[in-house]
Structures are given as structure tokens and as C-alpha cells.
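Enquirer: after the sequence you'll find the predicted model.
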Amino acid sequence: MGRHPTVTHNYYFDGQMDEVRIWNVARTKEQIEENYNKVINSGQGLVAYYDFNGGVANADNSNETTLKNKVSVLDANSDGTLMNFELQGIVSNYRKSAIPVISEK
């Protein structure tokens, strides 16, 4: 994830992600907008949800290399592995999110 699938050069995503959701259904523009900045960890067609909340902000997270899938639709092999992440100090991949989030109840 994070690399262009058809470009032969190594163009990887250069940015930050606070969460990743993978759906097995097409989502409408309205559905995407409705769920923007909300914690959504269930729903029809949601097969994977990764929230990147496994470590401690600005700390030593060298043992935190598994990114757990928070929904159980996929098999146990759907957990991710963090690779090439800075896992220690103030540049740790785990930092407090600056994005306002609205929790669903």
C-alpha cells in the first residue's frame, strides 16, 4: 500500500495517514463525505480498518510493528506490518492526531 501500481519508478506515498479503511463495495461521494473525520469501524462492505493507534506518541515503539485489522471480516492474515517507519522519539510513526474526530455511538 502506498505505491503506484503501474509506475516503474519507486514513487511511494509521501505523507501521513491516521487511519485506513478498505471496502469491498463502491462508496458514493455522499457516503464518503458523511463519514469524513468520523471513527467508522463497522458497516456493510467494510473489510479492513487500521487506526494506527497501537503505539505511544513520541516514545519508543520499536516493538510495535503489527498494524491490527480492527474488523474481523478478513482472515488473521489481514493484519499489516509496519516497514520503514521511524519507531522512536518525537518523529515516531505514532503521534497524537491533529485531525478532529467525531466518534459514532
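Expert: Received it, and whenever you're ready, just let me know what you need.
Enquirer: just the helices in the chain please.
Expert: Along the chain, counting by DSSP state H, helices occupy 29-34.
Enquirer: tell me where the model's unsure across it.
Expert: Where the chain drops to pLDDT under 70, the residues are 1-5, 7-11, 72-76, 88-105.
Enquirer: can you pull out the strands in it?
Expert: Listed in chain order, the strands found in the chain under DSSP state E are 20-23, 38-39, 46-50, 66-67, 80-81, 102-103.
Enquirer: deepest-packed of these, please.
Expert: Most buried of the strands of the chain by mean neighbour count (mean count of other C-beta atoms under 10 Å) is strand 46-50; its value is a mean of 18. The C-beta positions use only the backbone N, C-alpha and C, and glycine is treated the same way.
Enquirer: now L87: how far from D79?
Expert: 17 Å (C-beta to C-beta, to the nearest Å).
Enquirer: these two: which is more packed in?
Expert: L87 (17 against 14; other C-beta atoms under 10 Å).
Enquirer: tell me if I'm right that the more buried one and E64 touch.
Expert: Yes - between L87 and E64 a contact is recorded at 6.6 Å, counting by C-beta atoms under 8 Å.
Enquirer: shared neighbours, those two?
Expert: Listed contacts common to L87 and E64 are G55; contacts here mean C-beta atoms under 8 Å, 6 or more residues apart in numbering.
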